[in-house]
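**Student:** whatever this is, show me its structure:
(one chain, ligands or ions: 1)
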Amino acid sequence: METIIVREEPPIEWIILNRPDKLNSINVKMVEEIGSALRQNINNDKIKVIIFTGSGKAFSAGADISQFKELDPVKAWEFATKGRELMDYIERYPKPTIAMINGYALGGGLELALSCDLRIASQNAELGLPEINLGIYPGFGGTQRLVRLIGKGRALEIIMLGDRIKADYAERIGLVNRVVESSSLEKEVRELALKLAEKPQTAIRLIKTVVNYGNDGPILSGLTLESLGWGIAFATEEEKKRVDEFLSKRSK
Ligand SMILES: C=C(C)C(=O)SCCNC(=O)CCNC(=O)[C@H](O)C(C)(C)COP(=O)(O)OP(=O)(O)OC[C@H]1O[C@@H](n2cnc3c(N)ncnc32)[C@H](O)[C@@H]1OP(=O)(O)O
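**Tutor:** Prediction:
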């Protein structure tokens, strides 16, 4: 891989964006390589959680602006589609995903983090969607995912002003799940990943499916999907084992 480092540390797979001298900005090659790393382990049961992070001082400063000069409107559309489809794939990936935000998470970098299930930021992280300052707007799903995550008013403020926000404020508005000291970021994220890896994996996968596919349409469709998935969880050995364990402890 040219633009990322993939570190398999079962049950964790680390995907480390690795263009530190360009603040891990996302070019076409990186989009392709992240997609291929994810496809590679989709059926590998030893890998239970994916952690995205960046090398150096940034998570990612967004799409690679140096490629923008070559883009005519059709190529720009194609580039945005390619990036956005990767984010869609990450969001719907059957294993839990965590963005370990170790520094700047801007533009497409924040959009990548928004596609993950959980976002943990270091205290010195700065987040934002600064595309407006280039005369454009977020193109990897940010206009949709940010609104759904933190609500329209705050999302519009972030997208229209393009300011960078500090990690503590990001936590207050629900943009990140948690902020931790920079020195303990990796340790805390690893612990969180290991905790997720201990959970029943089919139920985790069902949760992701029901939450991701159930929230975009009419509520009755989402609720129906919830019931269906709930029923399917009863087909798993994990459910039988864990319910038996719970009941047998109490009948003693
Ligand atoms: C999905 C979409 C549409 C998008 O993401 S559009 C892009 C949105 N992102 C941005 O606008 C952020 C652009 N970057 C910045 O504003 C500044 O780099 C920051 C993040 C504030 C950091 O500033 P500094 O610490 O002063 O670092 P700076 O010197 O700017 O960056 C270091 C290197 O990374 C490069 N770099 C930073 N962000 C980049 C980006 N998004 N694309 C390409 N190169 C980038 C920068 O050009 C410089 O390279 P070089 O040393 O060869 O000149």
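**Student:** hey, let's count contacts and neighbours off CA atoms from now on
**Tutor:** Fine.
**Student:** name the surrounding residues that touch the helix ranked longest in the chain.
**Tutor:** Across the chain, the longest stretch assigned as helix under DSSP state H is helix 73-91. With contacts defined as CA atoms under 8 Å, 6 or more residues apart in numbering, helix 73-91 is touched by 28, 31, 35, 68, 97, 111-112, 115-117, 139-141, 212.
**Student:** which two of those residues have the greatest separation?
**Tutor:** 68 and 212 (31.2 Å; CA to CA).
**Student:** up against the ligand, what does this structure have?
**Tutor:** 21-23, 25, 61-66, 106-108, 130-131, 138-140 (CA under 6 Å from any ligand atom).
**Student:** neighbours around residue 56, how many?
**Tutor:** 17 (other CA atoms under 10 Å).
**Student:** in this structure it contacts residue 22, no?
**Tutor:** No: in this structure residue 56 lies outside contact range of residue 22 using CA atoms under 8 Å: 9.8 Å.
**Student:** state the three-state secondary structure for residue 51.
**Tutor:** strand (DSSP: H, G, I helix; E, B strand; the rest coil).
**Student:** tell me how far the residue nearest the centre of the chain lies from the ligand.
**Tutor:** Centre of the chain computed as the mean C-alpha position; nearest residue by CA atoms, centre = their mean is residue 116, 1.4 Å away. Remark: distance between residue 116 and the ligand (CA to the nearest ligand atom, to the nearest Å) = 16 Å.
**Student:** repeat that for residue 81.
**Tutor:** Going from residue 81 to the ligand by CA to the nearest ligand atom gives 10 Å.
**Student:** can you count the residues close to that residue?
**Tutor:** When neighbours are counted by other CA under 10 Å, residue 81 registers 15.
**Student:** low-scoring stretches of the chain, by residue?
**Tutor:** Along the chain, segments meeting pLDDT under 70 span 252.
**Student:** mind redoing it with 80?
**Tutor:** Residues of the chain that meet the criterion pLDDT under 80 lie in 251-252.
**Student:** domain ranges for the chain?
**Tutor:** Per the record, the chain has its domains at 2-196, 199-249, by the TED database.
**Student:** winner for burial among these?
**Tutor:** With neighbours defined as mean count of other CA atoms under 10 Å, the domains of the chain peak in mean count at domain 2-196, which reaches a mean of 19.
**Student:** CA atoms only for stretch 123-132, dumped as CSV, please.
**Tutor:** Output in CSV follows, covering the C-alpha atoms of stretch 123-132 (Å, rounded to 0.1, in the frame of the first residue of the first chain):
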residue,chain,number,x,y,z
GLN,A,123,-7.8,16.8,23.4
ASN,A,124,-5.8,18.6,20.7
ALA,A,125,-7.9,17.5,17.8
GLU,A,126,-9.6,20.1,15.6
LEU,A,127,-12.5,19.2,13.5
GLY,A,128,-14.4,21.0,10.7
LEU,A,129,-15.7,21.2,7.2
PRO,A,130,-13.8,24.1,5.7
GLU,A,131,-14.8,23.4,2.1
ILE,A,132,-16.8,26.6,1.9
